[in-house]
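Chemist: Need coordinates for the below:
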Amino acid sequence: MSNDTQSAWIRPPEWLPDQQSDAGHRIGTREEWTVAREELLIREKEHTRLGDELARQRRELPWVRVEKDYRLDTDNGPRPLAELFDGRSQLLIYHFMFGPTYDAGCPINSSIADSVNGLIPHLNARDVTMLFVSQAPIEKLQAYKRRMGWSFPWVSSASSEFNADLGYSIGEEQARTWVAENLGSLPPIVDRNASASGTDVAGYLTESPGFSAFALEDGVVYQTYQTWWRGLEFLMGYYPILDRTPKGRDEDEGWQLWIRRHDEYASQ
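Modeler: Below you'll find the predicted structure:
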């Protein structure tokens, strides 16, 4: 692993999606709706085919050998990265924002975990192991996992450089410097998530969310893919559903401020 991803982390990310103005609701006849729907269907099919092509290009990315002997803390003690494949040839890892100073996992990352938790058996059936990794100690992860009712594997990189080398974690001092330089550009969700996670903004931003893919071949581990921030929306199952409702995401300037842990909505 190189430090290139770490330098990319400290650049201000593209926090917010493009905001679309609400032009009001146009009322039409069934015939007008049918014509407009057929026109939109053409674009939707183009989008689907473009997605197919992007998936092919992801698969064709060159593999990069993982040189370090990373050992991550699991429920059964430290294990090397190769063993985390659990007998399969492909490993997907979600880098969950739960840092050393957090009291609880990030609410947004928790919503992603909700979306993924039930999919694990289906992924396993396709020669894929998926797990989550965080910087917090394994005991904290285990307690939070019990609270949320999740069953996916969750490991800790607290004793490893794994998360830092991949560009998803930085030191608290570096985070405080970054926050001081970018304070005016941070969306309100950052402060809310920091508070909900039991830490301050700098402590919260020692972590960054991400998704990494690995392959195991002849005993050698290779990294094959990586994405972060808005590139993670494919894991947020509620967004594509909301995109098909009359109101859409309905976030306006309150990007993601509505998202809570699934056991907190009743008390909202």
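Chemist: check contacts around residue 132.
Modeler: Under the criterion of CB atoms under 8 Å, 6 or more residues apart in numbering, the neighbours of residue 132 are 93-96, 113, 152-155. In short, each C-beta sits where N, CA and C put it, glycine included.
Chemist: 6 Å instead, please
Modeler: Residue 132 makes contacts with 94, 96, 154, as judged by CB atoms under 6 Å, 6 or more residues apart in numbering.
Chemist: partner residues bridging it?
Modeler: Under DSSP bridges, the beta-bridge partners of residue 132 are residue 94, residue 154.
Chemist: what's the spacing between it and residue 169?
Modeler: 14 Å (CB to CB, to the nearest Å).
Chemist: related to what we said a few turns ago, which of the contacts of residue 132 are buried, as a PyMOL select command?
Modeler: Buried residues among the contacts of residue 132 (16 or more other CB atoms under 10 Å), as a PyMOL selection:
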select buried, resi 94+96+154
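Chemist: Same list, the contacts of residue 132, but as CSV with distance to residue 241 please.
Modeler: Shown next, in CSV, are those (distance: CB to CB, whole Å):
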residue, distance to residue 241
94, 20
96, 22
154, 25
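Chemist: how about the contacts of residue 132 in a markdown table, adding pLDDT?
Modeler: Listed next are those as a markdown table, based on pLDDT from 0 to 100:
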| residue | pLDDT |
| --- | --- |
| 94 | 96 |
| 96 | 96 |
| 154 | 97 |
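Chemist: Now residue 210. Its backbone dihedrals?
Modeler: With angles defined as degrees, to the nearest 10, residue 210 sits at phi -170, psi 170.
Chemist: okay, it: pLDDT?
Modeler: At residue 210, the model reports a pLDDT of 93.
Chemist: With residue 7 instead?
Modeler: The score at residue 7 is 44. That number is its pLDDT.
Chemist: And for residue 104?
Modeler: 95.
Chemist: Where does it sit: helix, strand or coil?
Modeler: Put simply, residue 104 is coil when judged by DSSP: H, G, I helix; E, B strand; the rest coil.
Chemist: Any buried residues in stretch 191-207, and which?
Modeler: Residues 192-194, 196-197, 199-207 are the ones in stretch 191-207 that count as buried (16+ other CB under 10 Å).
Chemist: nearest to residue 75, of the contacts of residue 132?
Modeler: Closest approach to residue 75 among the contacts of residue 132 (CB to CB): residue 154, at 8.2 Å.
Chemist: Confirm that residue 24 sits in a strand.
Modeler: No. Counting by three-state DSSP, one finds residue 24 to be coil, located in no strand.
Chemist: and it, how far is that from residue 43?
Modeler: Per CB to CB, residue 24 is found 21 Å from residue 43.
Chemist: Fine by me, we can end here.
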